[in-house]
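*Asks:* below: sequence and its predicted model.
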Protein chains: 2
Amino acid sequence: MIFKEIIKKKRDGFELTENEIREIVKKYVDEEIPDYQMAALLMAIYFQGMTDRETLHLTDAMLKSGKTVNINIDGTIVDKHSTGGIGDKVSFIIAPVLAELGLPAVLLSGRALGFTGGTADKMESTGMKVTLNEKEIEDVVKKFGFSISCQTEKIAPADRKIYALRDATSTVESIPLIVSSILSKKLCVNTHGIVFDVKVGSGAFMKTLEEAEKLAKGLVNVSKLYGKKAGAAITDMNQPLGRSAGNAIEIIESLNALSGDISNDLLEVVTTLAGIIFKITEKGSFEEGKEKAENIILSGKALNRFCEWIEYLGGTTKLSLGKRRALVKSDKEGYITEIDGEALGFLIIEMGGGRKKAGEKIDHSVGLRFFKKTGNYVKKGEVIGEIIYNQGDESVFINRFLSAFKIEENKPESIALIKKIIY
Amino acid sequence: MIFKEIIKKKRDGFELTENEIREIVKKYVDEEIPDYQMAALLMAIYFQGMTDRETLHLTDAMLKSGKTVNINIDGTIVDKHSTGGIGDKVSFIIAPVLAELGLPAVLLSGRALGFTGGTADKMESTGMKVTLNEKEIEDVVKKFGFSISCQTEKIAPADRKIYALRDATSTVESIPLIVSSILSKKLCVNTHGIVFDVKVGSGAFMKTLEEAEKLAKGLVNVSKLYGKKAGAAITDMNQPLGRSAGNAIEIIESLNALSGDISNDLLEVVTTLAGIIFKITEKGSFEEGKEKAENIILSGKALNRFCEWIEYLGGTTKLSLGKRRALVKSDKEGYITEIDGEALGFLIIEMGGGRKKAGEKIDHSVGLRFFKKTGNYVKKGEVIGEIIYNQGDESVFINRFLSAFKIEENKPESIALIKKIIY
């Protein structure tokens, strides 16, 4: 393989073969291909794209650079993946609900990336153990019907190496590269079905429906080519999901949600994803799955399972939040037309609840509460939210919170929460 | 400057500023920007192109990474550049002709690159000194009215570093990158006017008229933005130029040409380029320049100047060729419709007359003679050319020579030698 010929082939829009893609990944990991040639190839992929078949081979090659996870358990193992957003605590609610539905759920989650929170970080706010080996995951799934744990270093090391290069060379925003990066860390588990929650809007990585749809189709199609059942929902992230954003505070919201005290938007997203899983795994229709999930949540049936799971892994469900609190009052009257999730995500980082650099310690106890959402009418001076923090300049936080809220005279058109479902 | 933001800017199709481009080149040369980021930027430029203004700034930044050449002489200093082809000995004829016309010509030439020959290599076949410093060039121009010498390492080192990376990352074939690479080594001389001979066809780097035109316009426009008079001719390279290709053999052909014994195609190219120079430097009209150049060549007036120049720099005009010769006879009857210059260029390399790798020694005495050209009718067994060599398998050489000639039943349409003139 003459690597510059491979670059030229992709540059000129031709499809790379399975062998070529396997060799690229292997030789890049083995440092036989220098970063500068890989960087040129990644930029060529950015412009020319990849077919689903190429993406499949890239995914598989990256996946095989690391360990696979085989859970030895009866039943239809399922997984749910979110592309990340603000206030996204869906995993904590859907996993015990799926367990309740008789579908063992095995989720491998990551840490906070950019402005969005990370499931593993939220779990750590309970003090529970978040990194489990194959045997431990199996044990937890057998006990609770579900497991959420942190991706280890052994999963898809090729993806980490390639992702670092993409980050340095402005080649992150390529749909096939995003798809293969996500799937190399998902398809390594012996799940039967996966549902993808592709977030779209100001508080998500995908800002337009068009991009989100491409990503959703890529994830579903490549997963299917890999032999999995797969479906996706494109869900709105033009405002935070649910009533809070942060780490401990989202666990608290999840406990409430599982007891039946759940916001409409969160309920809608969780039940829609459950419906999709029901359908793709042929347990029943979408509607059936959605309804059953809703009944479980509203009846509080899955709460105990969740609490016991946290405690079994050494965590507590009695979480304490930041020592200082500040209510945020609207500075004008009108309808809330937009809530900029990305700005709120960066505010949480500023308050210490997220990372500016990988590896940084975070303060799990800080967070934001949202009392008003898009479409609500607020008066000047009316409380719209709360900031929970430990240190820093309260007035700066309040101003940043306020400036994420757009308040206008006219009532906004209501935005569909579930934009599209893709099988 | 956050370099990944610069890559993103170009990737997304925005114009880079003068300061950004200067910083990129400076920091890349100083090794503050790693190869992998530069590679990603080059691939983004491959896809998004550059405006003439960006190309100007890139050219200037690369040029200023090295030394400039200031020739202190009265008169309108001119230059001619060719993008390279097979049998291209135009420099040796036009330089003394321009001198005869009262236009001091200062040419800096390179070595053989890929399948095409290099002017500096051809000069070395005479044993003359080919690398001159500023002072020596000035002395030679004062004595002979022209100078052809080899580019030194001190000229545009940034271009060499960037070119090596382009070569390894399949980003060579980008018009603005080609333009800036050529011009960074041309505009560093205090010439007033430059004419570009942009070759197009099977024996040239540009295979289509469209590509050649883009390149010619880029070269002319950016030279003008730099404050030079500039023009270009797009000339045919679907067969070798003139009667021979090689090193010593092309010097011999040049001596004959300057004595008035010149092939029509070579005469046409040389006089066209002279006409363009005449016009751009406002010495007179294109037609006037062309006619004067033709008169000088046919009358043999510039021959002595050329011979004395070679001898002054320690060379000889009594050149010896390879010890072995083989006539090539046509293996069928018909019209010659195409002669693949690239294949013949590689044949010369195979015979030892060119380089497979930079720095290799070459055998100046080998070469090819062409007795028949495109449009000629040949009988089976008729001699169409000659191979002059020292070692290797004669029958292999003959077969390769023959397979470069396409002989067909129908007379081909005549191909225009001068495709286009661009000012």
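*Replies:* Sure thing, it's come through.

*Asks:* can you list the residues of the stretch 151-300 of chain A near chain B?
*Replies:* Among all residues of the stretch 151-300 of chain A, those adjacent to chain B (criterion: CB under 8 Å from any CB of the partner chain) are A:Leu165, A:Asp167, A:Ala168, A:Thr169, A:Ser170, A:Thr171. C-beta: built from backbone N, CA, C; applies to glycine.

*Asks:* ok, the third one to B:Asp159 distance?
*Replies:* The span separating A:Ala168 from B:Asp159 equals 24 Å under the rule CB to CB, to the nearest Å.

*Asks:* again with A:Gly227
*Replies:* From A:Gly227 over to B:Asp159 the distance is 51 Å, taken as CB to CB.

*Asks:* and those two? which has more neighbours close in?
*Replies:* The neighbour count for A:Gly227 versus B:Asp159, taken as other CB atoms under 10 Å in any protein chain shown, is higher for B:Asp159 (26 against 9).

*Asks:* which elements pack onto the strand or helix carrying the more buried one?
*Replies:* Using DSSP states H and E, B:Asp159 maps to helix B:157-168. Contact here means 3 or more CB pairs under 8 Å, 6 or more residues apart in numbering or on different chains; DSSP states H and E; on that basis helix B:157-168 packs against helix A:35-48, helix B:18-29, helix B:35-48, helix B:52-63, helix B:175-184.

*Asks:* off-centre distance for it?
*Replies:* Distance, stretch centre to chain centre, for helix B:157-168: 19 Å (CA atoms, centre = their mean, to the nearest Å).

*Asks:* cool, and stretch A:243-259?
*Replies:* Stretch A:243-259 has its average C-alpha position 16 Å from the chain's average C-alpha position, going by CA atoms, centre = their mean.

*Asks:* which among the helices and strands packed on helix B:157-168 is found nearest to A:Phe405?
*Replies:* helix A:35-48 (34.8 Å; CB to CB).

*Asks:* which outside residues touch the closest one?
*Replies:* With contact meaning CB atoms under 8 Å, 6 or more residues apart in numbering or on different chains, helix A:35-48 is reached by A:3-4, A:6-7, A:10-13, A:24, A:28, A:162, A:165-166, A:168-169, A:171, A:173-174, A:176-177, B:7, B:11, B:34-40, B:42-44, B:47, B:165, B:168-171.

*Asks:* can you turn the buried subset of these into a selection I can paste into PyMOL?
*Replies:* Under the burial definition 16 or more other CB atoms under 10 Å in any protein chain shown, those of the contacts of helix A:35-48 that qualify are selected in PyMOL by:
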select buried, (chain A and resi 3+4+6+7+10+11+24+28+162+165+166+168+169+171+174+176+177) or (chain B and resi 7+11+34+35+36+37+38+39+40+42+43+44+47+165+168+169+170+171)
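
*Asks:* how far away is the closest residue to A:Ala158 other than its chain neighbours from chain B?
*Replies:* Across the structure, with CB to CB, 6 or more residues apart in numbering or on different chains as the measure, the residue nearest A:Ala158 apart from its sequence neighbours is A:Ser65 (3.5 Å). Computed with CB to the nearest CB, to the nearest Å, the distance linking A:Ser65 and chain B is 19 Å.

*Asks:* hang on, A:Ser65 is in a strand, isn't it?
*Replies:* No. With DSSP: H, G, I helix; E, B strand; the rest coil as the criterion, A:Ser65 is coil rather than part of a strand.
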